[in-house]
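> model this:
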Amino acid sequence: MSREATDPVVAIDGPAGSGKSTVARALARSLGWTYLDTGAIYRTLGWLAHQEGVSVDDEEALVKLCGRLQDLSFKWGEDGVLLVFLGDRDVTEAIRGEEAGRWASDVSRHPGVRAALLDLQRSFARRGHLVTEGRDTGTVVFPRARWKFFLTASLEERARRRLREMGMEETPRNLAVVMEAMRERDLQDSTRPVAPLRRAEDALEVDTTDLSPDEVLAHIKQIVEGE
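Numbers count the residues shown, from 1 in each chain. Modelled structure (predicted):
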């Protein structure tokens, strides 16, 4: 971890299905720190654009919609599940799934959108110690984060995790469909000209393919608490 970094932030990046969301949430709860799901912000914007009939190609209109996300908040449910609210509306279920993931990837490729949402994301760190995850948290959103991690896993394992998350049976066909969707998402996220998915130079890479969420959590928590 960089000794020059000063923001009290744990930034966890990685592709879909790498385990970053599960680990980041567990870490935030374990440490008692604020949690920020940057992916949920873009998913909510994509969902809102779909609801409002705004094209994901209309950058100007999307930037205007970003103002509606000032009322976005995260709350822990009684069962420990993270809930996402837009104002008083619970949008947790609406922004999950592969379709919402594609909307998020579509809207996040616009420079104007990313610029408009940058301050919103950084505002969470002004509340104190923060755990956040996404695809560019350690490279763009919090480049001075004290702790940075980049989680990876094999494509097949990531697809299996997504199937379990969606409650779908792991058949060869279902696995192939999800793997292809993830492959396309990875390509789009890693080759976009603005804030592409990549590991920050000072981030510690963790391959989670053969590790349980508890093992990954213990590894990261030991590093954070040891500094």
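
> so who does I220 touch?
V10, I12, V23, L27, F149, V206 (CB atoms under 8 Å, 6 or more residues apart in numbering). (Each C-beta comes from the backbone N, C-alpha and C, glycine too.)

> I'd like to know which of those residues is nearest to I223.
Lowest distance from I223 to those (CB to CB) belongs to F149, with 8.2 Å.

> Model confidence for that closest one, exactly?
F149 is assigned 98 on the pLDDT scale.

> Same question for the one 5 residues further on.
If you check S154, the pLDDT there is 98.

> what about the residue nearest to it when sequence neighbours are not counted, neighbour count?
Counting by CB to CB, 6 or more residues apart in numbering, S154 lies nearest to T209, which is 4.9 Å off, once chain neighbours are set aside. For T209, the neighbour count with other CB atoms under 10 Å is 13.

> go on, R126?
When neighbours are counted by other CB under 10 Å, R126 registers 9.

> so it sits in a strand?
No. Per DSSP: H, G, I helix; E, B strand; the rest coil, R126 lies outside any strand segment and is helix.

> Looking at it now. What's its pLDDT?
So R126 comes in at 85 (pLDDT).

> Kindly report the same for E133.
We have a pLDDT of 93 for E133.

> same for the helix or strand hosting it, what does it pack against?
Assessed by DSSP states H and E, E133 sits inside strand 130-134. If contacts are counted by 3 or more CB pairs under 8 Å, 6 or more residues apart in numbering; DSSP states H and E, strand 130-134 sits against strand 7-13, helix 20-31, strand 34-37, helix 38-52.

> Start and end of stretch 134-154, how far apart?
Terminal residues of stretch 134-154 lie 18 Å apart, using CA to CA, to the nearest Å.

> Next, the buried residues of that stretch.
Residues 134-143, 145-153 are the ones in stretch 134-154 that count as buried (16 or more other CB atoms under 10 Å).

> Show me where this protein has its strands.
Counting by DSSP state E, residue ranges of the strands within the chain are 7-13, 34-37, 72-76, 82-86, 89-90, 130-134, 145-152, 204-207.

> Out of these, flag the one nearest W103.
strand 82-86 (14.2 Å).

> which other helices and strands contact that closest one?
Judged by 3+ CB pairs under 8 Å, 6+ apart, strand 82-86 is in contact with strand 34-37, helix 38-52, strand 72-76.

> Tell me how confident the model is about the shortest one, as a mean pLDDT.
For strand 34-37, the mean pLDDT works out to 89.

> Let's check: the centremost residue of the protein is which one?
G134 (3.0 Å; CA atoms, centre = their mean).

> give me the beta-bridge partners of it?
Bridge pairing for G134 (DSSP bridges) gives the partners D13.

> Identify the residues contacting it.
By CB under 8 Å, 6+ apart, the contact list for G134 reads D13, K20, D37, T38, G39, V141.

> could you point out the longest helix in this structure?
Counting residues, the longest helix found in the chain (DSSP state H) is helix 172-191.

> What are the contacting residues of that helix?
Here helix 172-191 makes contact (CB under 8 Å, 6+ apart) with 15-17, 98, 101-102, 105, 109, 135, 155-156, 158-160, 162-163, 168, 196-198.

> neighbours around the nearest residue to E98 once chain neighbours are set aside, how many?
Using CB to CB, 6+ apart and skipping residues adjacent in sequence, the residue nearest E98 is A181, 5.5 Å away. Look at A181: counted by other CB under 10 Å, it has 17 neighbours.
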